[in-house]
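[1] Show me the folded form of this:
(one chain, ligands or ions: 2)
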Amino acid sequence: MSLEVIILAAGKGKRMHSKLPKVLHKVANKPMLEHVIDTTASLNPESIHVVVGHMAELVEQMVNGLSDDLKKLVKIDLQKEQLGTGHAVSCAMGDIKDESDVLVLYGDTPLTPAPLLQDLIASLQGKEMSVLTAFADNPFGYGRIIRNEQGNLQKIVEEKDATDEERKINEVNTGMIVCKGKTLKEYLPQIKNNNKQGEYYLTDLSGMLASAGKAVGILVAPDFEILSGVNSKPQLAFVERLYQKNAAQKLLEEGVTLADPSRFDLRGSLKCGEDVFIDINCIFEGNVELGNNVVIGAGCVIKNCSIGDGSIISPYTVMEDSVIKRKATIGPFARLRPGNTLEDEVHVGNFVECKKSHLGLGTKAGHLSYLGDATIGKDVNIGAGTITCNYDGANKFRTEIGDDVFIGSDSQLVAPVSIKNGVTIAAGTTVTRHTQMDEKDLVLTRSETKIVKKYARPHKNK
Ligand code: UD1
Ligand code: CA
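    Ligands and ions are numbered 1, 2, ... in the order given. Presented below is the predicted three-dimensional model:
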């Protein structure tokens, strides 16, 4: 049976109090709509229709930024006026096939697990439509499931239209349904908007089908929380925490030690080897890989990096797009901007910034340095306060440093510049491309120290 998916994403999301369309608000740094698209793509549908409306261009822009594989699947349908969820679905029906199973999802429900959707699709067997419901401790705001005496679905009543009795029902509509294409085409045009909100509710479909004697199924989800819709910032925060709680739990189960799973944030993917320890309040973004026995100190922000076995990242280190090999020690308070490779046993200490630099085996930059556009050999010692002057106001230049070089504290290396193997640069030296040196030379720029006897320092008049 072929599967087509419709994702509703046209609403403004008034209750978010934001200029951004609701479905673009992020969970784990990824738009909610993208979560839904990713999940549905894993069901191998023939097509994914995204219904856009409010600030359609912005939502389309997000879709256009997806991978090519996804873009091939996604079709955009415009709902000019947001007249309700039923109307939104009809905007996507154009080329939906009669014989397709049509899965309808809401762009504001980002955490629905794919296996549950698979179960929902399977529950359509022998029915015209099937609805995913769940039992909520606090059903406020959700459509309520009204069952008849046989326990079959009779209708769905929205919060605002429900009687006091109906509001007491805690079986809620998650918003997710699966329906035969043909059935949708027949019944969508019959939906009326005679309700409190004056909207064409998709939820009316179930009642219409039931009273026409059609078989409507219900799949009750085992857990409601994960199916929570986001209509407001408190709900967004709730869903974000739930996502993080689950991500942390998964890592714990894989054997990662988290100092506190409630103070852990994953905004991408994190692969860990054995015996990894992650202290509190770290953020992992993009694709991060940690080898065996890696230690990540408190408060680190790590984006698109791979860190080799036995490396220790001390607290409050910020790094992105860098490769750190084995047994390196980084931080505390180090900053790796994009494009670095740090070989085995490199040490980068506090207040050292690196960018597009290669640090060879065992090289150390312990304190207060800027290493930009530098290729540094092995066993080099970079003294405190060393600066690669890589920028002349218009162009960037590289610094090359050989093996076994010692750079004294507070030196400036004015790029383009090359420092030969075994050279010692004395503290406070300015090296330029004009500095002549051979291997193992000592390079120093130091003028004779002058003494002014009994110098009278300026004093403030009291
Ligand atoms: C909806 C359901 C409710 C269910 C709840 C689950 C209806 C009428 N109500 O309520 O039964 O319990 O979700 O979370 O369906 N949208 C459009 N075009 C529109 C209106 C909405 O594309 O004209 C989109 C929104 O962008 C959103 C989704 O549909 O992604 C749901 O709309 P929303 O207004 O959030 O519905 P709820 O009040 O949450
Ligand atoms: Ca909603």
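
[2] which SS state does residue 247 fall under?
    helix (DSSP: H, G, I helix; E, B strand; the rest coil).

[3] List the contacts of it.
    By C-beta atoms under 8 Å, 6 or more residues apart in numbering, the contact set of residue 247 is 28, 264, 266, 270. Just so you know, the C-beta spots here come from the backbone N, C-alpha and C atoms, and that holds for glycine as well.

[4] just these now: which is nearest ligand 1?
    residue 28 (18.2 Å; C-beta to the nearest ligand atom).

[5] which residues does residue 244 contact?
    Residue 244 neighbours (C-beta under 8 Å, 6+ apart): 28, 264, 265, 266.

[6] buried sites along the helix or strand where it lies?
    Residue 244 belongs to helix 233-254 when elements are defined using DSSP states H and E. For helix 233-254, the neighbour count (16 or more other C-beta atoms under 10 Å) marks 235, 236, 239, 240, 242, 243, 244, 246, 247, 248, 251 as buried.

[7] got it, and stretch 259-273?
    With burial defined by 16+ other C-beta under 10 Å, the residues of stretch 259-273 counted as buried are 261, 263, 264, 265, 266, 267, 268, 270, 272, 273.

[8] so where's this structure uncertain?
    Nowhere does the chain drop to pLDDT under 70.

[9] Would you mind listing what in it touches ligand 1?
    By C-beta under 6 Å from any ligand atom, the residues of the chain that approach ligand 1 are 8-11, 22-23, 51, 53, 79, 82-85, 87-88, 106-109, 142-143, 156, 158, 172-175, 201-203, 229, 231.

[10] Could you tell me which of these belong to helices?
    Of these, the ones assigned to helices by DSSP state H are 85, 87, 88.

[11] how about those residues in a markdown table, adding neighbour count?
    A markdown table is the format used below for these (neighbours: other C-beta atoms under 10 Å):
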| residue | neighbour count |
| --- | --- |
| 85 | 24 |
| 87 | 22 |
| 88 | 26 |
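
[12] which residues does residue 180 contact?
    The neighbourhood of residue 180, defined by C-beta under 8 Å, 6+ apart, consists of 98, 99, 100, 101, 102, 124, 128, 129.

[13] returning to that earlier point: quickly run through the sheet partners of whatever helix or strand comes next after the helix holding residue 244, with directions.
    Where DSSP H and E defines the elements, the next helix or strand beyond helix 233-254 is strand 257-258. Applying DSSP bridges, strand 257-258 is found paired with strand 277-278 (parallel).

[14] So what touches the partner strand?
    251, 256, 257, 258, 259, 264, 294, 295, 296.

[15] Identify the bridge partners of the closest residue to the third one other than its chain neighbours.
    In space, not counting the residues next to it along the chain, residue 257 is nearest to residue 277; the distance is 4.7 Å by C-beta to C-beta, 6 or more residues apart in numbering. With DSSP bridges as the criterion, residue 277 is bridged to residue 257, residue 295.

[16] if I look at residue 277, how far off is residue 317?
    15 Å (C-beta to C-beta, to the nearest Å).

[17] The two: who's more crowded?
    Higher neighbour count among residue 277 and residue 317: residue 317, with 23 against 16, using other C-beta atoms under 10 Å.

[18] OK, contacts around the more buried one?
    Per C-beta under 8 Å, 6+ apart, neighbours of residue 317: 297, 300, 301, 302, 330, 331, 332, 333, 334, 335, 336.

[19] Out of those residues, list just those in strands.
    Secondary structure assignment by DSSP state E places 301, 302, 330, 335, 336 of those in strands.

[20] Residue 201 reaches residue 157, doesn't it?
    No - using C-beta atoms under 8 Å, residue 201 is not in contact with residue 157, being 9.7 Å away.

[21] got any residues that touch both of these two?
    Contacts common to residue 201 and residue 157, judged by C-beta under 8 Å, 6+ apart, are absent.

[22] Please enumerate the helices of the chain.
    Remark: helices assigned in the chain by DSSP H are 32-41, 56-64, 68-73, 85-90, 114-122, 164-167, 181-187, 204-211, 233-254.

[23] State the distance from the closest residue to ligand 2 within the stretch 251-400 of the chain to ligand 1.
    Of all residues in the stretch 251-400 of the chain, residue 267 sits closest to ligand 2, at 23.2 Å by C-beta to the ion. Per C-beta to the nearest ligand atom, to the nearest Å, residue 267 is found 22 Å from ligand 1.

[24] Tell me which residue of the stretch 151-300 of the chain lies closest to ligand 1.
    Using C-beta to the nearest ligand atom, the single residue of the stretch 151-300 of the chain nearest to ligand 1 is residue 229, 2.8 Å away.
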